[in-house]
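S.K.: Pasting the sequence and the predicted coordinates here, then a few questions.
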Amino acid sequence: MKKLILGSTSVYRKELMLKLGIPFETIKPSCDEDALKKNLLSQHKTPLEVAESLAFAKAASLNKEFKSAVVIGGDQLVDFDGNIIGKSKSHDKAKEQLQSMSGRTHQLITSIAILHEEQKYTLNHISKMKMKKLTPSEIDNYLRIDLPYDCAGSYKIERSGICLFEKIETDDFSAIQGLPMMWISQKLKELGYELFTNQ
């Protein structure tokens, strides 16, 4: 079986990949994500174009090193009125992000690239997320519960973050958590993998 590599050190993405029942490795991509993102933004790329480019760059950086492996790269960001909202990395920034999105709808973009030799599969998955109207104390208390400072948009949907939302429109809930597993599992089957073999 071909080596399968997830180009990410995210614990959330690793947990999702484990659902496949396929052996895989997690390896940090070797591309400079921050520099690439800065360059893309200087070219006035849309949030979707930024996410798609970053996902491909992450996968491509490992595809060069592990030429015979199947490599999965991903990126996730929030498109809020055409502006990118990424990881807050602090309580104050997270509070500011959630206050701005309170009572409004944003798009959560999850971009994925799967590379194997000359084969390339990409997906830009968009979920529409309508947040409840939240009080400042609700936001403060939520942040202290989930500590979502390493998540795009400052919420952990798989934990208490689900209660922030009034409505979610998506065709694959796992995409909100970091990887669209229905699509990924189908592409891996097309590449010759059998699911649930790693028991």
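M.R.: Noted; the coordinates are in hand.
S.K.: can you give me the helices for the chain?
M.R.: All helices of the chain, identified by DSSP state H, fall at 11-18, 33-42, 47-65, 91-101, 136-146, 173-177, 181-190.
S.K.: Tabulate the ones you listed in JSON lines, adding columns for mean pLDDT and mean neighbour count.
M.R.: Every C-beta, even on glycine, is put in place using the N, C-alpha and C of the backbone. What follows is these, written out as JSON lines (pLDDT from 0 to 100; neighbours: other C-beta atoms under 10 Å):
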{"stretch": "helix 11-18", "mean pLDDT": "94", "mean neighbour count": "16"}
{"stretch": "helix 33-42", "mean pLDDT": "93", "mean neighbour count": "13"}
{"stretch": "helix 47-65", "mean pLDDT": "96", "mean neighbour count": "21"}
{"stretch": "helix 91-101", "mean pLDDT": "97", "mean neighbour count": "18"}
{"stretch": "helix 136-146", "mean pLDDT": "97", "mean neighbour count": "15"}
{"stretch": "helix 173-177", "mean pLDDT": "95", "mean neighbour count": "21"}
{"stretch": "helix 181-190", "mean pLDDT": "98", "mean neighbour count": "17"}
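S.K.: Put together CSV for these, with distance to T110 on each row.
M.R.: Conversion of the helices of the chain to CSV gives the following (distance: least, C-beta to C-beta, whole Å):
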stretch, distance to T110
helix 11-18, 10
helix 33-42, 16
helix 47-65, 8
helix 91-101, 17
helix 136-146, 19
helix 173-177, 4
helix 181-190, 10
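S.K.: Which among the ones you listed is found nearest to K3?
M.R.: For these, the distance to K3 is smallest for helix 47-65, at 10.7 Å, taking C-beta to C-beta.
S.K.: Output the contacting helices and strands for that closest one.
M.R.: Using 3 or more C-beta pairs under 8 Å, 6 or more residues apart in numbering; DSSP states H and E as the contact criterion, the neighbours of helix 47-65 among helices and strands are helix 33-42, strand 70-80, strand 83-85, strand 105-116, strand 119-131.
S.K.: at 7 Å instead, please
M.R.: If you count contacts as 3 or more C-beta pairs under 7 Å, 6 or more residues apart in numbering; DSSP states H and E, helix 47-65 packs onto helix 33-42, strand 70-80, strand 105-116, strand 119-131.
S.K.: Name the stretch from the ones you listed that approaches L54 most closely.
M.R.: With distances scored as C-beta to C-beta, the stretch of the helices and strands packed on helix 47-65 nearest to L54 is strand 70-80 (3.9 Å).
S.K.: The closest one - what's its average pLDDT?
M.R.: Here the mean pLDDT over strand 70-80 is 96, rounded to a whole number.
S.K.: For that strand, which helices and strands make contact with it?
M.R.: Using 3+ C-beta pairs under 7 Å, 6+ apart as the contact definition, the elements that strand 70-80 packs against are strand 4-6, helix 47-65, strand 83-85, strand 105-116.
S.K.: could I get those as CSV with distance to L134?
M.R.: Conversion of those to CSV gives the following (distance: least, C-beta to C-beta, whole Å):
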stretch, distance to L134
strand 4-6, 33
helix 47-65, 23
strand 83-85, 16
strand 105-116, 14
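S.K.: between the ones you listed, which one is nearest to Q177?
M.R.: Closest among those, once you apply C-beta to C-beta, is strand 105-116, at 8.8 Å.
S.K.: Appreciated, that's everything.
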